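>>> Build me a structure from this.
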Amino acid sequence: MSTRHIKQGKYAKIRKFETPDELPDEYASLLKKMLFVQADTEFASVQQHLEWQENAPTPEDKWVLARIVADEVRHGLTMTRLLKQFGEEGEQMVEKLLARKIGEHTLESFNIEFENWESVCAFTCFVDRVGLYQLEAFQECSYAPLAREMPLMLNEEKLHIGFGYNGLKKIITDDNYPGNKETAQAAVDFWVPRALDMFGHKESKNSKLAVELGIKRWENEEMRQRYYQEIVELCNSLGLVAPPMDKDRHIL
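The predicted structure is shown next:
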């Protein structure tokens, strides 16, 4: 076992878990589900972005988008390596992940194809920002192999959301870019509700259990509220308006 100690949750008085064999059953079951969903979002994002690597407006956009796709693949592979540590069951989960296509992924946001460049930018600005929150919640995870992966993943995620924000800004201010302020606002109106849904149900038992077990630092609703306050200010800085928190939501 590691000499680092768990800082919160049910197992706060013991050292961090280092291998699947050390995990209590309820812990292992929930962790596998979370690793599966995280990997699913990474590989799904790759599928969504592939077309736009060819159709991005500028060579620089193509280059950055290629970096983003490479990061998402690496993040997905990281999660699959962690799943494979769980033996045959983990291997089967990875096979299921790799066979999925758009329309088959767990979260709605990752089953939607991008219709235009505004959608690409809004997705990376707002949906990848949810990913940043989720990864930050794993930073002090009581499963040490997952916690150790977070610093690099977080740095890479910040590139993604910066690309999205700057892309929306160019759409609004640069006449040489496709779209305009109105189409950027439409993309915001579409993607922000999908992003808010990604935090999960407000009263999720799994969310509460994840905090109790020390897998994550915050429950769904706490993260969603902080996220919404951030994106309200972000939209204001672009001259756009964040839709009301309960508008067009599918998961409450």
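>>> use CA for all of it now, contacts and neighbours both
Noted.
>>> thought Glu219 was touching Glu212?
No: shown here, Glu219 and Glu212 do not form a contact pair, counting by Cα atoms under 8 Å, at 9.7 Å.
>>> So between the two, which is more surrounded?
The neighbour comparison of Glu219 against Glu212 (other Cα atoms under 10 Å) goes to Glu219, with 23 against 19.
>>> Next one, pLDDT for the residue nearest to the more buried one when sequence neighbours are not counted please.
Leaving aside its sequence neighbours, Glu219 sits nearest to Ser207 (Cα to Cα, 6 or more residues apart in numbering; 5.3 Å). pLDDT for Ser207: 96.
>>> Over to Leu252?
Per-residue pLDDT puts Leu252 at 88.
>>> Same check on Asn176?
86.
>>> Can you tell me the element it falls in?
Taking DSSP states H and E as the definition, Asn176 sits outside all helices and strands.
>>> can you count the residues close to it?
Count around Asn176 with other Cα under 10 Å applied: 9.
>>> how much space between it and His75?
For Asn176, the distance to His75 (Cα to Cα, to the nearest Å) stands at 33 Å.
>>> now do Lys158
From Lys158 to His75 the distance is 13 Å (Cα to Cα).
>>> more crowded one of these two?
Counted by other Cα under 10 Å, Lys158 and His75 do not tie: His75 has more neighbours, with 23 against 17.
>>> wait, is the more buried one part of a helix?
Yes: with DSSP: H, G, I helix; E, B strand; the rest coil as the criterion, His75 is assigned to a helix.
>>> residue closest to the middle of this protein?
In the chain, the residue lying closest to the centroid (Cα atoms, centre = their mean) is Gly131, at 2.3 Å.
>>> show me the contacts for that residue.
Glu157 (Cα atoms under 8 Å, 6 or more residues apart in numbering).
>>> Can you name the helix or strand that the residue nearest to Glu219 falls in?
Element membership for Ser207, per DSSP H and E: helix 205-212.
>>> Repeat that for Leu196.
Assigned by DSSP H and E, Leu196 falls in helix 181-197.
>>> Restricting to C-alpha, output that helix in PDB.
In PDB, the C-alpha atoms belonging to helix 181-197 read as follows (Å, rounded to 0.1, in the frame of the first residue of the first chain):
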ATOM      1  CA  LYS A 181     -22.900  36.200 -32.400                       C
ATOM      2  CA  GLU A 182     -26.400  34.800 -33.000                       C
ATOM      3  CA  THR A 183     -25.200  31.400 -34.100                       C
ATOM      4  CA  ALA A 184     -22.800  31.300 -31.200                       C
ATOM      5  CA  GLN A 185     -25.600  32.100 -28.800                       C
ATOM      6  CA  ALA A 186     -27.700  29.300 -30.300                       C
ATOM      7  CA  ALA A 187     -24.800  26.800 -29.700                       C
ATOM      8  CA  VAL A 188     -24.600  28.000 -26.100                       C
ATOM      9  CA  ASP A 189     -28.300  27.600 -25.600                       C
ATOM     10  CA  PHE A 190     -28.000  24.000 -26.900                       C
ATOM     11  CA  TRP A 191     -24.900  22.800 -25.200                       C
ATOM     12  CA  VAL A 192     -25.200  24.400 -21.700                       C
ATOM     13  CA  PRO A 193     -28.300  22.300 -20.700                       C
ATOM     14  CA  ARG A 194     -26.500  19.100 -22.000                       C
ATOM     15  CA  ALA A 195     -23.500  20.100 -20.000                       C
ATOM     16  CA  LEU A 196     -25.500  20.700 -16.800                       C
ATOM     17  CA  ASP A 197     -27.200  17.300 -17.300                       C
END
